[in-house]
Each structure stands twice: as C-alpha cells, then as structure tokens.
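# one predicted model, sequence on top.
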Amino acid sequence: MWTTIVQIMPYAIVFTIPLLITALGALFSERSGIVNIGLEGLMVVGAFAGAFVIFKFQELWPHNVAALWLGLLAAMLVGVLFSLLHAFASINLSANQIISGTAINMIAGAITVFLARNMTGSGNIRITSGFSRYDVPLFSEIPIIGKLLFTGTYDTTWLILLIVAVSTIVLYKTPFGLRLRACGEHPHAAEAAGINVKKMRYMGVMISGAFAGLGGAIIIVTFAGEFTGSVSGLGFLALASLIFGQWKPLGILAATLFFGFASTVANVSQVIPSLAVFPPVILKVFPYVVTLLALIVFSKSSRAPQAAGEPFDSGKR
Amino acid sequence: MDYAVEMLDIRKEFPGIVANDDITLRLKRGEIHALLGENGAGKSTLMGILFGMYQADRGMIKVSGKEVRIGNPNVATKLGIGMVHQHFKLVSTFTVTENIILGSETRKGLVLDVKTASKRIEQLSQRYGLNVDPHAKIEDISVGMQQRVEILKMLYRDAEVLILDEPTAVLTPQEILDLGIIMKNLIGEGKSIILITHKLKEIKANAHRCTVIRRGKTIGTVDVASTSELVMAEMMVGRSVTFKVDKKAASPGEIVLQVDSLSVNNNKKCLALNNFSLEVRAGEIVGIAGVDGNGQSELVEAIAGLRKPESGSVRLKGEEITGLSVRSRIHRGIGHIPEDRQKRGLVLDYTIAENMVLEVYHREPHSKRGILNKAAIKQYAERIIASFDVRSGQGASSIVRSLSGGNQQKAIIGREIELNPDLLIAVQPTRGLDVGSIEYIHRRLVEQRDKGKAVLLISLELDEILNLSDRIAVLNQGERIGVVNASETNENEIGMMMAGVTAEGGGEA
C-alpha cells in the first residue's frame, strides 16, 4: 500500500498543478462576482498558445529552457486576452455569465484546432521537449515526506505553489483582496465605499484568464507534450474543485490534490498490481461520485460569494 | 449664520416628473435637521443630490459657505458629507473593521494594517458611545449595531455632516432610544445631522428644526420645539389628519382562528414559540405586542403555513389546517401581509399586475386551461391600484422594484384585502410608511373588521397596536404573557408585559 502511494504521489502532484492554478484563477473571478464557467476554454487557448510558441522557439533554439518559459508567458497573455471576451459580455453588457462562459468554451475548442491546422498542417502541435523532472536536493532525503513531495518534481510545481501562497496573502491581507472580495459579496457596499466595481471585476476575470492559460500550458510542458485541441475536462474539474474547496485557497489546494490523486489512481491502476484488483470503471468514477456527495453535503453551508453570477447594476435598489 | 450645508433652489427632473422643484434646505452647524415628507415627496432625491448620486438640473450647493459641485459620492466624502442608507451597505462576511476601512484602507507597506484601524474605530466608538466591537462579523451582530457601524464608517472618514435616511425603520423601540442618544453625542461633538424621516414622534424627540417638503416643493422650515406634531403632519400631507383611529366598539362573532398550544422552532432549531394559544373572532382586531424576535415571526409563519410547528394545532373556522399547504390556506380564507415586503411580499422584478395575481393566477378569469389571460389580470390589478391608491410610473405594467416602499406596501395590502379573507394577518403593515399612508391603511384594516372579518395584527409599534386592536396579546420569549382588552390597558402596562412582567389580572381575558 505504502509503496503504491509513494509510486503514485509524484504523478498525482504533477496532475494536480494545472487544476490548482486554474481553480485559483477562478477563485479570483468568483470572489469578484463573476462566475467563470469558461475555464475549460481558457485552458485550451493557453495550451494552444503555449504549445505554439514553444514549438516555434524550439525550432530557433533547440534545447533551451527559455522557450518553455516564453511559452508559459504567452499562454498567460492569451488567456487574459481571451478572458476579456467573457469580462466584456458579463460586466459591460450584463450578459448571463453561464452563457458567456459556455460560449468561451465552444469558441476556444473550435478556434484553436482551426489555427493549429492552418499553422502546422495537423490539428496537433507537438513540442520537442518539456521541463525535466528532478529530485529536490536535501529535501528529498527527508524520511516519508521527502519521497512523497520532493522527488520527481517540476519547476512549474514550485512556481504554482508560490503563486498560491502569494495569492492567499493578496486575497486576505491586502487592500486589493479586501476590495475584490467586497465586490463579490456586496457590490453596492463596495461602490458606496468609492470602489470601482467594474474595474475590480475586470481584474478578477483577467487573473482567472491568466491562471487558466498558465494551467493549460503547464499540461503541455509537463505530462502531455502535445496540444490536441482539448484539455479533457480539467477546466470543469477545476470549477468543481473551487466549489469543493469552498472558495478558499487552502480548500482549493486540498480539493485539487484529492482530484489529482484520485484521477492518477484511475489512470495508472492497470499497471500497478495492487490497484488492478479494482474494476477500472469504479476508480474512474470515484472522484466524480465523491464530488457529487461533497456538493450535497456542503450545499447547506456553502460559502459562495453572495453576488457571484449577478450582473452589477448600480441603480438597482 | 453659520451653515454647514446650504442647498438653494435645487431642481431635479426625471422623465415624467419633477422630483425636486426649487427646494431650499439650510443646515446649521451642530443641529439635527429633520427632512419631513411623504413617500415620493422627493426627500431621497434631494439627499441623493447632496451625496453626489444625482446631479441637480439647477440650483446651488454650498458647504461651509463655499459653493461646490458634487459629481459623485467620493467628492461628497471628501467634503465631509456622509450618508447612512436605509438599506445598509455592509458586507456580511466581513468584520466591522474590514467594512469600515473598505475603500480607504490603512496599510503597512503593501498589506492591510487592520490593527491600527481597529484601534481608531474602538476610540471613535467610545467617544460617541456607539459600543461597537471592531472585530465582530457583520452577520453576527444586531441590526441596530449594523447601523452604528454605518455611522462609524462616516466618522472614520471624518464626516462633518451626516445624512441618516429613515434610520429608525429597522430598529426596535429600545434601539430607537439609543439612536437618539447617539445623535445627541454626535452634535455634542460638533457634527451636523440631516434626519430623513416621516415619523413625527422622532422629529419631536430629536430634531431642532424641520424642513417639510411635499410633492417636490418646500412647504416650509419650522422650529420643532414650538410646532405641534399635528401642524407638521398637515404641512406634510397638505390636509388635516387625525392620529387617533376612528372606530366603533367591536362586536366579536364566531371564532375564526383558534391557535392551540402551538410550539414552533426558529431557523436555528430552537424553540421560538412555546405552547401558545390564542383565538381571534370575526369582527375583532387582535394585536400581538412584543419586542422584535420574541416569536412573532414564527407564529405568523405557522399560521400562514410557511413553517411547520413542532406541536399544537391551528384551526380556521373550526377546521384543522395545521398540515395544509399555503395555497389551500389562502383558498380557505387566510390573507397574509408579510413582515418583509421585498422578501416575502413581492417579486420585485415582476410588474404590479403580475404581483397582484400571485395567489390567484390559477383561477378564472386570470387563466383558463393553463394559459394566463393578460387582459383580465391587468384589469384586476388596475382595480386594486385604483382602490388602494398605488402610485407608479406606468400603472399596472410598472416593475414593482421601481415603486417607493409605501406604494409597494399599499399594493400588497390591496392584493390581500381584495381576496376578502376571513382572517387577515397583518405583520407590521405600516412599517416605513408616512402618516398619510398609515392613516389610510389603518382605516382599511378597521374596515375589514367592521365587515365581520378577523384581523390579526403584529406590530413592533406600540402606538399602532394600542390604536387599532380590540384585544392585545403580549409575547415575551415565545410565551404568551397575557391577553388584555385594549380599552382597559395603557402603554405602561403593555410595556411591562413586553418585558416579561405579568400584569395583574391580565392572565386571561
């Protein structure tokens, strides 16, 4: 049992990271009052932009890690640009945020495959190499947790964990965070305090776009290595993690880790003898069943931002 | 003369109406100045202009003698003008300190400095006798304290002129007294207060001067001490008014509502109403007196079918209705004017017409074979609008949200009375309304009684209970303290009973 967990854990963490950063972005968006169901689409455009930029730069400078970092940066920028569509529709036009988000998901899948075909000839973009894994010196020697947490890690993992820590501070300890949360809970109160609600909501959605784009690109540079036109539902899983994690950074960390671990167990079950005894279908549905149960249990005590999903109309009494 | 704020010949038109027609208001430094007017008279618009939410079409605003242009609320804040809105603007999941500093945060480097802020809030709270805990969460504190947080918010921003928009509408009698003391403390420290209200008693108790406006025009500014309530009421309404409800002695008939040892839990699953019994007969008004939160809401909800009782029974005209649905209770003759008109009374984004048929849309002529008959609904609504004087921009097709509170309330009352219920439950029917509307609604309630209907009145306003009721039941902590005849009691006795002291001989009646 223990050896199985030690075997699986590094893979689970790798799988968790894109979920974590995407869910964290959604946290900013929803805390500002905008529901972002377009995470899946934003991850797709991030994955596409990342893969494309890395593909081009790796042609120029083979074996240079800078190409990967540039790809991640490009993914964030494209994520921001794409999220502006959602921001404009839901903030300026007071559109229904679910419909706008769904539109983002649909347009993202279509436009990236179209562009990929035009640019590379096939719908897929393969990068020559991603980040490499390494054991963190000294830390990986620590008994128990060294094996679990510090072996086979990527640079991106540490980057994302740093972003989570910084985000937590920003959200709870800075004026920006206070204002952002006020806009999601009671935008009229924020407005009365002289805060520009629209601006704060734009910030929330743009952060969400950047983080989801980054999440999509991290899939490419770590475990996927290839853009295929989809992120196979990870965006929706991130949204579920946000709810499961009760709109709190540490809650999201726990929720995404749970999903990451459970999905990895399902994915590798056939090659690990001690897991092969379970029918694969049970392992595959397990995280989703737990999500459903969790949503039922938490529905009573849900701490969703009160104004999330509601267009802000400053004249409304 | 030293004026803190002068608003001179302010005119503001909205499409279709002149909200403010050359209104002049002068606020002396250190005074409490009441702004009195009926609902829709233009008080809120005028204060909105002062606070920068609207721009006046014409006229001049002077702050401390200097002419200013107030383009938005931030400018007003900088000029030292603060406003406590009728609906508080507080984030319920934040602490008191977080709410107060929101928008003008104290920082230490890049991060918030909550400590310094809460220390300052603590000092301000002590200085003005506000008694607010800076670390409490808004969702955990009482409405009265939330209001004091709003006041602190202005003081924290160094406001010199405070606008209080109907501050007592949501307060209990004790909290209203406390607010009076707080206002005195504030002017003692040199602040000036504009008090928007239509409660004459409070003006009499607190204000120095009073400006009366009616239908957008200044009627006059009077010295409160030398002007009687009656005169101010007449200035506001434009005709003579009576405070005493004119009614004959009741002639109670058969029992309509019989509540038998009813026990009801509140939302926190604690017993809120304990073993309560009461009967209401045809042709009488029974009032329930009590401080807010002593089981009144639970009692009403149990009778109306909105909440399941733990034990006991409710009978209507002898028929057991304890387990029936809300709709079948309405069908059997219960009308309910709910406590919170915006939450339970109306669908705010529906039109008046749609709201008027909420309980009867499924009956002919409002619908046939599952299809709504818009023309019949409109006609029905227009009848209610006409007979209850509901004022709105576009008649039956106005969105209810756009109506003033008083007109929203009149619409609800019209809807319920139009059903001609055998039992009418009226919960705080005149909350937040002006003298004219109160008089009108009281008359309609007495009219119901005189038609031989039973009326159950729940109100936090002791005057209203004493004026309207034939019998009064007093609730304290979910228990019936006693039932007394209105003609044989007085404010003191009821007040004692509300505090839990059983009156002599008042046990049964």
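Yep, that arrived.
# quick one: contacts for the closest residue to chain B within the stretch 51-200 of chain A?
Here the stretch 51-200 of chain A gets closest to chain B at one residue, residue A:193, 3.1 Å apart by CB to the nearest CB. (Each C-beta comes from the backbone N, C-alpha and C, glycine too.) For residue A:193, the contact set (CB atoms under 8 Å, 6 or more residues apart in numbering or on different chains) comprises A:182, B:89, B:102-104, B:153.
# from the residues you listed, which two are the most distant?
B:89 and B:104 (14.4 Å; CB to CB).
# higher neighbour count, the two?
Neighbours were tallied for residue B:89 and for residue B:104 using other CB atoms under 10 Å in any protein chain shown; the higher tally belongs to residue B:89 (20 against 16).
# for the more buried one, grab phi and psi.
The phi and psi values for residue B:89, taken as degrees, to the nearest 10, are phi -110, psi 70.
# ok, now how distant is it from residue B:151?
13 Å (CB to CB, to the nearest Å).
# per-residue pLDDT, the residue of the stretch 51-200 of chain A closest to chain B?
Here, the pLDDT recorded for residue A:193 equals 87.
# just the one 10 residues further on next, same as before
Each residue has a pLDDT score; the one for residue A:203 is 97.
# and the one 3 residues further on, by the same measure?
At residue A:206, the model reports a pLDDT of 97.
# name the SS class of it, please.
Judged by DSSP: H, G, I helix; E, B strand; the rest coil, the three-state class of residue A:206 is helix.
# quick one: contacts for it?
Contacts of residue A:206 by CB under 8 Å, 6+ apart are A:80, A:83-84, A:87.
# the closest residue to residue B:432 other than its chain neighbours sits in which helix or strand?
In space, residue B:432 comes closest to residue B:169 once its chain neighbours are excluded; the distance is 4.4 Å by CB to CB, 6 or more residues apart in numbering or on different chains. Under DSSP states H and E, no helix or strand contains residue B:169.
# which residues touch residue B:169?
Per CB under 8 Å, 6+ apart, neighbours of residue B:169: B:86, B:431-432.
# if I look at it, how far off is residue B:192?
Taken as CB to CB, the span from residue B:169 to residue B:192 is 22 Å.
# ditto for residue B:239
Separation of residue B:239 from residue B:192 (CB to CB): 32 Å.
# chain B against chain A: which residues are in contact?
B:73-74, B:77, B:85, B:87, B:89-94, B:98-99, B:101-105, B:107, B:110-112, B:153, B:401 (CB under 8 Å from any CB of the partner chain).
# part of a strand, is residue B:196?
Yes - counting by three-state DSSP, residue B:196 falls inside a strand.
# mind listing the residues bridging to it?
residue B:35, residue B:165 (DSSP bridges).
# ok, so of the contacts of residue A:193, who is nearest residue B:29?
Proximity of those to residue B:29 was ranked by CB to CB; the top entry is residue B:153 with 21.6 Å.
# do I have it right that the closest one meets residue B:82?
Yes - counting by CB atoms under 8 Å, residue B:153 touches residue B:82, with 7.3 Å between them.
# who has more neighbours out of the two?
Of the pair residue B:153 and residue B:82, residue B:153 is the one with more neighbours under other CB under 10 Å, namely 27 against 24.
# shouldn't that one be within a helix?
Yes - counting by three-state DSSP, residue B:153 is found in a helix.
# looking at the contacts of residue A:193, which is nearest residue B:49?
residue B:89 (18.7 Å).
# can you name the residues of chain A that neighbour chain B?
A:169, A:173-175, A:178-179, A:181-182, A:185-186, A:188-190, A:192-195, A:303, A:306, A:316-317.
# please repeat the previous calculation with a cut-off of 7 Å.
For chain A, the contact set with chain B under CB under 7 Å from any CB of the partner chain comprises A:173-175, A:178-179, A:182, A:185-186, A:188-190, A:192-195, A:317.
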